[in-house]
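Enquirer: Starting from these lines, generate the structure:
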Amino acid sequence: MPLLIFNISRKSKGRVAQHDFDVVEYVHPHLTFGINSPRKAYKNDAVHRQKPGSLHHLAFKAASCEEVDALYEQLKAIGAEIVEAPRYFPQHGEKYYSLFFKDPGVIKFEIVFEER
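Expert: Below is the predicted model:
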């Protein structure tokens, strides 16, 4: 999360007993990003981004292609699972440059720069 400009010192954890899950929240000046644990009834289910109601992936905007490349190097250095190295994805737009990676919980993330 620090690579995505989230201050880890502002991370919080909690339990929502009435809904049977734990939550970790990361606070950013423009948003709060929360990750919930599965409820006990679903704890053995495999996470799959194409299941109904699932998060497909979460994209973060970069300021330039160079920033995407720099984050790619940092992600590799910490051992992140790289799904797609930085490149242009013309199917998303003529100047759509991004990379895709997964966190240990198999959530897919994207860092993208699109010149407009």
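Enquirer: In stretch 57-77, which residues have enough neighbours to count as buried?
Expert: For stretch 57-77, a neighbour-count test (16 or more other Cβ atoms under 10 Å) marks 60, 62, 65, 68, 69, 71, 72, 75 as buried. In short, each C-beta sits where N, CA and C put it, glycine included.
Enquirer: Could you find the lowest-pLDDT member of these?
Expert: Note: of those, the lowest pLDDT belongs to residue 60, at 88.
Enquirer: who does the helix or strand harbouring it pair up with?
Expert: Assessed by DSSP states H and E, residue 60 sits inside strand 58-61. Here strand 58-61 is paired, per DSSP bridges, with strand 108-114 (parallel).
Enquirer: sec struct for residue 93, please.
Expert: Here residue 93 is recorded as coil under DSSP: H, G, I helix; E, B strand; the rest coil.
Enquirer: unless I'm mixing things up, it is touching residue 113, no?
Expert: No. Under the criterion of Cβ atoms under 8 Å, residue 93 is not in contact with residue 113, lying 10.7 Å apart.
Enquirer: what residue of this protein is the furthest out?
Expert: residue 18 (26.8 Å; Cα atoms, centre = their mean).
Enquirer: coming back round to it: so can I have a markdown table of the buried residues of stretch 57-77 showing distance to residue 104 and secondary structure?
Expert: Shown next, in a markdown table, are the buried residues of stretch 57-77 (distance: Cβ to Cβ, whole Å; DSSP: H, G, I helix; E, B strand; the rest coil):
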| residue | distance to residue 104 | secondary structure |
| --- | --- | --- |
| 60 | 18 | strand |
| 62 | 22 | coil |
| 65 | 27 | helix |
| 68 | 22 | helix |
| 69 | 23 | helix |
| 71 | 17 | helix |
| 72 | 18 | helix |
| 75 | 13 | helix |
